[in-house]
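Asker: take this sequence and fold it.
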Amino acid sequence: MQDTKKRAKSKNTKAGKIIRIEQEQLTKHLDKVVRGTVEETLNALLDAEADRLCQARRYERTDARKDTRAGHYNRKMGTRVGEVNLKVPK
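Answerer: From the prediction side, this is the model:
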């Protein structure tokens, strides 16, 4: 009888050390990480495209080119992982 109680106590002690994964929280966190990565990637692609079209980087001035780019405007875009904020070059 005491042996049974010791086993039960031992199981309860070990059970307290088990890691519990909350699927919903994990999914929300992954969505947030993926959404951030998608947003960064799309903004980098838009910026690179503006560099290519203007033949100058942001804030770059040369003797042949005195002006800088006109900045950007914010735009939201829906994706599979949620809404992302884009900085669309003018």
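
Asker: only C-alpha atoms from now on, for both contacts and neighbour counts.
Answerer: Noted.

Asker: the helices in the chain, which residues?
Answerer: 2-15, 23-54 (DSSP state H).

Asker: for the residue most central in space within the chain, what are its contacts?
Answerer: Against the mean C-alpha coordinate of the chain, by C-alpha atoms, centre = their mean, the closest residue is residue 36 at 2.0 Å. Shown in contact with residue 36 (C-alpha atoms under 8 Å, 6 or more residues apart in numbering): residue 84.

Asker: low-scoring stretches of the chain, by residue?
Answerer: For the chain, applying pLDDT under 70 flags the ranges 1-16.

Asker: if you set the cut-off to 90 instead, what comes out?
Answerer: Applying pLDDT under 90 to the chain picks out residues 1-28, 30-31, 50-72, 79-82, 89-90.

Asker: residue 46: neighbouring residues, count only.
Answerer: Neighbour count for residue 46, taken as other C-alpha atoms under 10 Å: 16.

Asker: is it correct that it is in contact with residue 75?
Answerer: No: assessed by C-alpha atoms under 8 Å, residue 46 is found out of contact with residue 75, at 12.0 Å.

Asker: which non-adjacent residue is nearest residue 85?
Answerer: In space, residue 85 comes closest to residue 76 once its chain neighbours are excluded; the distance is 4.7 Å by C-alpha to C-alpha, 6 or more residues apart in numbering.

Asker: meant to ask about residue 90
Answerer: Here the residue nearest residue 90, using C-alpha to C-alpha, 6+ apart, is residue 72, at 5.0 Å.

Asker: burial count for that neighbour?
Answerer: 12.

Asker: show me the contacts for residue 58.
Answerer: Taking C-alpha under 8 Å, 6+ apart, one finds 51, 68, 69 in contact with residue 58.

Asker: residue contacts, the first one?
Answerer: Taking C-alpha under 8 Å, 6+ apart as the criterion, residue 51 is in contact with 57, 58.

Asker: residue 26 versus residue 49, what's the distance?
Answerer: 35 Å (C-alpha to C-alpha, to the nearest Å).
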